[in-house]
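1. below are the sequence and a predicted model; questions follow.
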Amino acid sequence: MRSLLYTILLAACCLNLPRTSMAQSPEPANTDKVEQSQEQPPNEHWTQILPGLDMQIIKQGKGDRQVVEDDIVNMVYNAKVKGAKVHFAATQPNKGFRFQINKSNILPGIKKGIIGMREGEHRRLQLAPQFGFGNKAVKNVPAGSTLIINIMIDQIQTPVRWETLTPGSGERQAQKGDVLKVQYVGKLANGTVFDSNQSFTMPFVFGLGSTHVIAGMNIGSVGMKVGETRRIVIPPAFGYGDKARSKIPARSTLTFDLTCLAIEDGVVFKTTKTSDGPVIQDGQTGLFAIRMEAI
């Protein structure tokens with residue numbers, strides 16, 4: 001008699017980047033966080049970033065951290081055609097627009113124009129057509145328009161980074177919903193090992209995309225092949241954040257050397273039923289990854 005052994009692993013959504021077309025943005029809304037600091041600089045003086053892309057710093061930001069190309073940022077903005085009185089796009093009240101700069105299809109003038117900004121900084125950008133929508137007409141924006149965009153950066157996050165130490169083999173690459181068997185060593189920024197399963201006879205098993213592991217592990221494991229070893233550097237926002245855990249201080253950047261031993265088929269599905277068992281807490285609902293084995 002053959003039966004199915006269900007290994008149920010808690011799961012959650014991976015990082016989803018927002019849609020980044022300015023033409024697809026919400027209709028103009030209350031953008032007080034941007035508007036309150038927008039006192040017009042005298043003489044309309046603009047500083048050139050690139051030919052066709054100019055800026056004015058309306059309010060200085062704070063701190064030493066400046067936006068770089070692969071950062072994840074949250075910005076508040078409004079945008080209008082130069083000379084127009086009405087904005088054609090803006091963020092919703094009390095909400096920002098979150099995206100990873102080098103992995104988004106946001107307007108090229110914004111990608112270039114926010115580099116170097118600090119948290120809290122308000123910047124006004126002037127985009128010639130080649131940095132905006134070019135010769136294409138979009139909703140409420142005529143073809144060939146120069147755009148004026150007011151931006152405030154209210155959060156800068158370092159993304160999860162990784163490098164391959166040992167290449168894997170085969171065609172299969174780990175994707176969300178797969179079940180991975182791995183060995184790992186976890187270290188703090190000062191090199192202190194806080195966790196490892198290298199001395200165990202059993203590999204660590206988790207569903208890719210699950211809350212069985214921290215978000216940074218999910219992000220950094222995508223695309224791995226069997227036999228591959230990766231070094232994954234996880235900033236606090238994708239680790240344990242402001243919470244201290246056992247040997248891990250609050251606000252810690254974590255480094256994992258992760259070796260993929262196996263990639264197995266999994267299924268991700270949503271349940272609304274209550275649950276029990278050692279892994280899933282009573283009464284919990286959400287997304288789950290399931291591995292099915294014949295025994």
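-> Received, thanks.
2. list the contacts for K243?
-> By CB atoms under 8 Å, 6 or more residues apart in numbering, K243 lies in contact with A250. Yep, even glycine has a C-beta here, placed from its N, CA and C like the rest.
3. looking at it, R123 is touching G116, isn't it?
-> No: between R123 and G116 there is no contact, the gap being 9.3 Å when judged by CB atoms under 8 Å.
4. higher neighbour count, these two?
-> Neighbours of R123 and G116, each counted by other CB atoms under 10 Å, are more numerous for R123; the result is 23 against 13.
5. contacting residues for that one?
-> The neighbours of R123, taking CB under 8 Å, 6+ apart as the test, are M55, Q56, I57, I58, G113, I114, M117, N150, I151, M152.
6. all helices for the stretch 151-295 of the chain, in order.
-> Across the stretch 151-295 of the chain, reading from the start of the chain, the helices by DSSP state H, counting those that start in this stretch fall at 215-221.
7. which parts of it are strands?
-> Assigned by DSSP state E, counting those that start in this stretch, the stretch 151-295 of the chain shows strands spanning 161-166, 179-188, 193-196, 204-207, 229-234, 254-264, 267-271, 286-294.
8. quick one: closest of those to G144.
-> Among the strands of the stretch 151-295 of the chain, strand 161-166 comes nearest to G144, with 39.2 Å by CB to CB.
9. and T158, how far is that from F88?
-> Computed as CB to CB, to the nearest Å, the T158 to F88 distance reads 32 Å.
10. between the two, which one's more packed in?
-> Relative neighbour count places F88 above the other of T158 and F88, with 20 against 17, counting by other CB under 10 Å.
11. count the residues that sit near the closest residue in space to the more buried one that isn't next to it in sequence.
-> Leaving aside its chain neighbours, F88 sits nearest to N140 (4.0 Å; criterion: CB to CB, 6 or more residues apart in numbering). The criterion is other CB under 10 Å. On that basis, N140 has 16 neighbouring residues.
12. and N140, what pLDDT?
-> With respect to pLDDT, N140 scores 91.
13. same check on E293?
-> The predicted structure lists E293 with a pLDDT of 47.
14. what's the answer for R65, then?
-> With respect to pLDDT, R65 scores 91.
15. quick one: residues contacting it.
-> Going by CB under 8 Å, 6+ apart, R65 touches R118, E119, I156.
16. who wins for neighbours among the contacts of R123?
-> Of the contacts of R123, M152 is surrounded by the most neighbours, 27 neighbours in total, counting by other CB under 10 Å.
17. separation between that residue and G83?
-> Distance, M152 to G83, using CB to CB: 23 Å.
18. G223 too?
-> Using CB to CB, one obtains 46 Å as the distance from G223 to G83.
19. same drill for those two, tell me which one is more crowded.
-> The neighbour count for G223 versus G83, taken as other CB under 10 Å, is higher for G223 (13 against 8).
20. confirm for me that the more buried one is in contact with A174.
-> Yes: with contacts defined as CB under 8 Å, G223 counts as touching A174 at a distance of 6.4 Å.
21. neighbours of M217, how many?
-> Other residues within reach of M217 by the criterion other CB under 10 Å amount to 24.
22. surely it and R230 touch.
-> No: between M217 and R230 no contact is recorded; they are 10.5 Å apart, counting by CB under 8 Å.
23. hey, what's in contact with both of the two?
-> Overlap between the contact sets of M217 and R230, as judged by CB under 8 Å, 6+ apart, is given by F256, L258.
24. neighbours of G220, how many?
-> With neighbours defined by other CB under 10 Å, the count for G220 comes to 23.
25. gap between it and P159?
-> 10 Å.
26. ok, now Q92?
-> With CB to CB as the criterion, Q92 and P159 are 24 Å apart.
27. the closest residue to I219 other than its chain neighbours: what's it in contact with?
-> Nearest non-adjacent residue to I219, counting by CB to CB, 6+ apart: V160, 4.4 Å away. When contacts are counted by CB under 8 Å, 6+ apart, V160 is found next to G216, I219, G220, I232, V233, I234, P235, F238.
28. Q92 and P159: which has the busier surroundings?
-> Taking other CB under 10 Å, Q92 and P159 do not tie; P159 has more neighbours (20 against 15).
29. isn't the more buried one right next to Q100, touching?
-> Yes: with contact taken as CB under 8 Å, P159 and Q100 are classed as touching, separated by 6.0 Å.
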